[in-house]
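Please work out how this folds:
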Amino acid sequence: MSIKKHGLSIGINRIENVFFVTLKAVGTLTHEDYLVITPMLEGALSQVDQPKISLLLDATELEGWDLRAAWDDLKLGLKHGSEFERVAIWGNKAWQEWAAKMGSWFISGEMKYFEDQHDALKWLRY
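Purely as a prediction, here's the structure:
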């Protein structure tokens with residue numbers, strides 16, 4: 001029997017004097033994941049003193065969302081979209097670049113897709 005992990009890890013990191021939120025998405029996210037993720041993410045965002053937040057989403061192990069989780073993700077983006085200055089999506093699948101372009105419509109800051117983590121972190125730093 002194989003075990004399939006799915007979910008989201010949340011952290012706050014720093015490069016030099018720039019703080020940013022990190023999310024690592026794994027597997028296929030479900031509505032139940034968002035019931036746990038949403039309060040955790042909102043708690044992490046409330047701890048950042050800066051009015052604009054930078055975020056690194058590690059989507060290298062993300063397979064996607066079920067339909068209800070996609071709706072949850074959209075609602076979360078609409079609620080907090082004005083808080084993000086920069087969102088770097090580090091991924092390795094063609095659909096993730098497309099998703100980054102779509103997601104940029106729902107935040108006030110910039111969202112950009114990267115296939116290299118170093119490039120994503122360098123972009124967040126400025």
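
Nearest residue to Q117 in space, please, no chain neighbours.
Leaving aside its chain neighbours, Q117 sits nearest to W90 (5.1 Å; criterion: C-beta to C-beta, 6 or more residues apart in numbering). Using the backbone N, CA and C atoms, a C-beta is placed for each residue, glycine as well.

beta partners for the one you found?
Under DSSP bridges, the beta-bridge partners of W90 are D58, F114.

And the pLDDT for it?
The model reports W90 with a pLDDT of 97.

That one - how many residues pack around it?
21 (other C-beta atoms under 10 Å).

give the contact list for it.
By C-beta atoms under 8 Å, 6 or more residues apart in numbering, W90 lies in contact with 56-60, 114-117, 120.

Can you tell me which of the residues you listed are classed as buried?
56-59, 114, 120 (16 or more other C-beta atoms under 10 Å).

which one of the residues you listed is nearest K75?
L57 (16.9 Å; C-beta to C-beta).

give me every residue that touches the residue nearest the centre of the chain.
The centre of the chain sits closest to L57, judged by C-alpha atoms, centre = their mean, with a distance of 3.8 Å. By C-beta under 8 Å, 6+ apart, the contact list for L57 reads 22-25, 87-90.

now the strands: where do they sit in the chain?
7-15, 18-29, 53-65, 84-90, 110-114 (DSSP state E).

mind checking which of those strands is nearest W98?
strand 110-114 (8.6 Å).

just the CA coordinates of the longest helix along the chain, formatted as PDB?
Assignment by DSSP state H gives helix 31-46 as the longest helix of the chain. Extracted in PDB, the C-alpha atoms of helix 31-46 (Å, rounded to 0.1, in the frame of the first residue of the first chain):
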ATOM      1  CA  HIS A  31     -11.100  21.100   1.200                       C
ATOM      2  CA  GLU A  32     -10.300  19.500   4.500                       C
ATOM      3  CA  ASP A  33      -6.700  20.700   4.100                       C
ATOM      4  CA  TYR A  34      -8.000  24.300   3.800                       C
ATOM      5  CA  LEU A  35     -10.000  23.900   6.900                       C
ATOM      6  CA  VAL A  36      -6.700  23.400   8.800                       C
ATOM      7  CA  ILE A  37      -4.500  25.600   6.500                       C
ATOM      8  CA  THR A  38      -6.600  28.800   6.500                       C
ATOM      9  CA  PRO A  39      -6.400  29.600  10.200                       C
ATOM     10  CA  MET A  40      -2.700  28.700  10.300                       C
ATOM     11  CA  LEU A  41      -2.000  30.900   7.300                       C
ATOM     12  CA  GLU A  42      -4.000  33.800   8.700                       C
ATOM     13  CA  GLY A  43      -2.200  33.400  12.000                       C
ATOM     14  CA  ALA A  44       1.200  33.500  10.200                       C
ATOM     15  CA  LEU A  45       0.200  36.600   8.200                       C
ATOM     16  CA  SER A  46      -1.000  38.400  11.300                       C
END
